[in-house]
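Trainee: My questions concern the predicted model and sequence given below.
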Number of protein chains: 2
Amino acid sequence: MGISFKVTSKCTKTRARTGRLQTPHGLIETPVFMPVGTQATVKTLDPLELKQIGAEIILSNTYHLYLRPGSELIEEAGGLHSFMNWPKPILTDSGGFQVFSLGALNKITEDGVRFQSHIDGSYHYLQPEDSIRVQNQLGADIIMVFDECAPYPCDYSYAKKAMERTHRWAKRSLQAHQRPDDQALFGIVQGAFYGDLRQESARFLGDLDLPGYGIGGLSVGEPKPIMYEMLEETIPEMPEDKPRYLMGVGSPDCLIEGVIRGVDMFDCVLPTRIARHGKAMTSLGPVIIKNARYAKDFNPLDQNCSCYTCQNYSRSYLRHLFKAKEVLGARLLSYHNLYFLIELMSNLRQAIKDNNVLSFKDKFFARYSANTSPVTD
Amino acid sequence: MGISFKVTSKCTKTRARTGRLQTPHGLIETPVFMPVGTQATVKTLDPLELKQIGAEIILSNTYHLYLRPGSELIEEAGGLHSFMNWPKPILTDSGGFQVFSLGALNKITEDGVRFQSHIDGSYHYLQPEDSIRVQNQLGADIIMVFDECAPYPCDYSYAKKAMERTHRWAKRSLQAHQRPDDQALFGIVQGAFYGDLRQESARFLGDLDLPGYGIGGLSVGEPKPIMYEMLEETIPEMPEDKPRYLMGVGSPDCLIEGVIRGVDMFDCVLPTRIARHGKAMTSLGPVIIKNARYAKDFNPLDQNCSCYTCQNYSRSYLRHLFKAKEVLGARLLSYHNLYFLIELMSNLRQAIKDNNVLSFKDKFFARYSANTSPVTD
């Protein structure tokens, strides 16, 4: 099945746990945050930097790579690892979420989704079998079933229909998978914001005995307490011995709350996207680097951070780079934000091993400040 | 005088020579190409990469830094080296060229130049004394006198007036210089495209016994043979024991022809600017990476290059990055183009030491192809 997963320690007061996820391209310590390289590159950074940052696995988007440069081309290049010069593990999503959120005029039927490219307006038709074929060509270590992601809010009957279709598509995805020995196919739990549907989905997919499971359809606009409630409804019904991946989540508070509720894997564009807009996550809370108050602030971005950016550059210089629209600014903040989240996960793993994840959370937020909204939206 | 310069070998068939230029921040082997970091950053790259590339000195622009973030701020940061985290030598220009080429509605009088900022339209008045004060604040190892750069074409009487003003401004710049012990002030030879004026300027400035000399007002639109002719007229009249810096020149052919005529230093935005537009300099001639022919070309950008880009990425991937508008593409091409020019200079130094610079030139162009125009414009 391409990977093996072993829970290595468990918190006695929460559902938090550490694990080791072995993949064809390397070992991953969980809980883990996966930087996103949408178009076969984590924006502004290169693979050497990602390794320095401590990234153990990255995510890339099937929808984008399918449209450009095309999965046949990447297969011909020797697969995505070779194409983008990243020798460590990769996870590709199924394209389902992007088809709904980026493709114009999409039309969903039982067979699949018809959509228009966001690049050139060309028409495409993607079925679960197509998504898996494309992901087999890309060659990531972990691939995802093609699913239907319901919006927030969403009425019960639509949520149930989308979940049931997701289940049928999961079976078709599994059936279509051609490389089960070197690519692990994860299912995706859906069910929108209804606990009973979430539980049904977790049990149904659990019975398929897939090597891991995503939790989809969250972080789509709902208040955070609702997301946390859904995790609490869902995770106890998911297999204990399989990795659990909360899709599209990446703010510091959501990572901590997710880990406490039993999540093992996360991905999100947040740290790199806000970095390109000059927003940094720091141990003392968010920093908007363009603010005039930093003009002559010769301190590092985060005095408690030992990343390359914080060891070598001042807030004043970073602000100058953003004011002057210099790419190096986005690079240095992207580097820092990813380092910040990856170090947070490393600290969380240690806290779980030490069985004090709740006090870690309290200390983190006491420093980070109550209001994290500027970097979590 | 901040620096010392020693000619270490001379070609017997041309004016080419090698030298060692000692500065407060390090030793530079000449002939040297200086990457340009206009706004206190070499666009898309960071200082670690510049060191890997082999850059020994970079140039930064006084005009840009004066307007943003301001030279007082940089002085407060500990100077430009500290501000931008570049511990090796830096040269700043005087801002004269930019005031004429970028500033709107500029007005030149004997005292100085009134101009409008290209950033916010604000009015500024820059005299030679201001330029030197700003450069003293920035703290580069080598600074330049404030000069008037005549356009091409330019009538004799205007060229003569601009040259004479440049001479008066050179004296005023020298007079204003407050840090002669740790910053070397270079003169700038002008005289437009008139051999007698160029010679007069070289002699006049030579008599001032400055630690080095720029050759300004070339590469401003004239045909290359005219530029070469001007070098031949000018350089024999310049001091033998001082470094000669041909300003704003950076195409491979001009570097080689300049070295042969006795130039020791060059700078240009060309390699990084064309890189951002997807143009690479390679040993086999220019490569326009977006061309469809490279879509499935899994070879390196330059099969004879040992830079990071060529050792790790294919033309196919680089093309994808440019098509997808990903910053990493501009980074990797900027890295390569600078590496290409810096390696060219290293090879030129060896050829001079081996006394075969002319045969080096022939071999280079036989491979590079006769038509280098796509990357020299």
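Mentor: Okay, I see it.
Trainee: In contact with the nearest residue to A:Pro89 once chain neighbours are set aside, which residues?
Mentor: Excluding its sequence neighbours, the residue lying closest to A:Pro89 (Cβ to Cβ, 6 or more residues apart in numbering or on different chains) is A:Ile57, at 4.0 Å. Bear in mind the C-beta positions are built from the backbone N, C-alpha and C, glycine included. Residues counted as contacts of A:Ile57 (Cβ atoms under 8 Å, 6 or more residues apart in numbering or on different chains) are A:23, A:26, A:28, A:32, A:34, A:88-91, A:141-142.
Trainee: just A:Val7 next, same as before
Mentor: For A:Val7, the contacting residues are A:17-19, A:240-241, by Cβ under 8 Å, 6+ apart.
Trainee: and those residues, which are buried?
Mentor: The neighbour-count test (16 or more other Cβ atoms under 10 Å in any protein chain shown) marks A:17-19 as buried among the contacts of A:Val7.
Trainee: Now, the residues you listed that are in strands?
Mentor: A:17-19 (DSSP state E).
Trainee: so can I have JSON lines of these showing distance to A:Met84 and pLDDT?
Mentor: Output for these, formatted as JSON lines (distance: Cβ to Cβ, whole Å; pLDDT from 0 to 100):
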{"residue": "A:Arg17", "distance to A:Met84": "31", "pLDDT": "98"}
{"residue": "A:Thr18", "distance to A:Met84": "29", "pLDDT": "98"}
{"residue": "A:Gly19", "distance to A:Met84": "26", "pLDDT": "98"}
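Trainee: which one among these gets closest to chain B?
Mentor: Checking these against chain B with Cβ to the nearest Cβ, the nearest one is A:Gly19 at 31.6 Å.
Trainee: With A:Lys242 as the reference, measure out to that closest one.
Mentor: 10 Å (Cβ to Cβ, to the nearest Å).
Trainee: same thing with A:Thr309?
Mentor: From A:Thr309 to A:Lys242 the distance is 36 Å (Cβ to Cβ).
Trainee: Likewise for A:Leu174?
Mentor: 14 Å.
Trainee: Tell me which of the two has more neighbours.
Mentor: A:Lys242 (22 against 17; other Cβ atoms under 10 Å in any protein chain shown).
Trainee: Just the pLDDT for whatever residue of the stretch 51-200 of chain A ends up closest to chain B.
Mentor: Chain B sits closest to A:Pro69 of the stretch 51-200 of chain A, with a gap of 4.5 Å, by Cβ to the nearest Cβ. Predicted confidence (pLDDT) for A:Pro69: 98.
Trainee: For it, which residues are in contact?
Mentor: The neighbourhood of A:Pro69, defined by Cβ under 8 Å, 6+ apart, consists of B:295, B:316, B:319-320, B:323-324.
Trainee: Ramachandran angles for it?
Mentor: phi -90, psi 0 (degrees, to the nearest 10).
Trainee: ok, A:Arg276 to chain B distance?
Mentor: The gap separating A:Arg276 from chain B is 9 Å, by Cβ to the nearest Cβ, to the nearest Å.
Trainee: can you tell me which residues contact that residue?
Mentor: A:Arg276 sits in contact with A:43-44, A:330, A:333-334, where contact means Cβ under 8 Å, 6+ apart.
Trainee: ok, and the most crowded of the residues you listed?
Mentor: Highest neighbour count within the contacts of A:Arg276: A:Leu333, with 29 neighbours (other Cβ under 10 Å).
Trainee: any chance you could map the helices in the stretch 1-150 of chain A?
Mentor: For the stretch 1-150 of chain A, the helices defined by DSSP state H, counting those that start in this stretch occupy A:47-53, A:62-67, A:71-76, A:80-84, A:96-101, A:128-138.
Trainee: so the spatially closest residue to A:Gly216 that is not a sequence neighbour is in which element?
Mentor: In space, and not counting its chain neighbours, A:Gly216 is closest to A:Ile188: 4.2 Å by Cβ to Cβ, 6+ apart. Per DSSP states H and E, A:Ile188 falls inside strand A:184-189.
Trainee: who touches that strand?
Mentor: Strand A:184-189 has contacts (Cβ under 8 Å, 6+ apart) with A:1-3, A:23, A:94, A:96, A:132, A:141-145, A:147, A:166, A:170, A:173-174, A:177, A:198, A:201-202, A:205, A:208, A:210-216, A:234, A:238, A:243, A:245, A:247.
Trainee: Could you identify the buried members of these?
Mentor: Buried among those (16+ other Cβ under 10 Å): A:2-3, A:23, A:94, A:96, A:132, A:141-145, A:147, A:166, A:170, A:173-174, A:177, A:198, A:201-202, A:205, A:210-216, A:234, A:238, A:243, A:245, A:247.
Trainee: Residue numbers of chain A in contact with chain B?
Mentor: Residues of chain A found near chain B (Cβ under 8 Å from any Cβ of the partner chain) are A:39-41, A:43-46, A:64, A:68-69, A:73, A:76-78, A:83-85, A:295-296, A:298, A:312-314, A:316-317, A:319-321, A:323-324, A:326-328, A:330-332.
Trainee: quick one: low-confidence parts of chain A?
Mentor: For chain A, applying pLDDT under 70 flags the ranges A:1, A:103-105, A:370-377.
Trainee: if you count residues, which helix in it comes out on top?
Mentor: The single longest helix within chain A, with elements called by DSSP state H, is helix A:327-353.
Trainee: That one vs helix B:327-353, what angle?
Mentor: Between helix A:327-353 and helix B:327-353, the angle comes out at 120 degrees (axes from the mean of the first three to the mean of the last three Cα atoms, to 10 degrees).
Trainee: Go through helix A:327-353 and flag the buried ones.
Mentor: Buried residues in helix A:327-353, counting neighbours by 16+ other Cβ under 10 Å, are found at A:327-345, A:348-349, A:351-352.
Trainee: picking up where we left off before, list the residues that contact both of A:Gly19 and A:Lys242?
Mentor: Here A:Gly19 and A:Lys242 have A:Phe5 as joint contacts, going by Cβ under 8 Å, 6+ apart.
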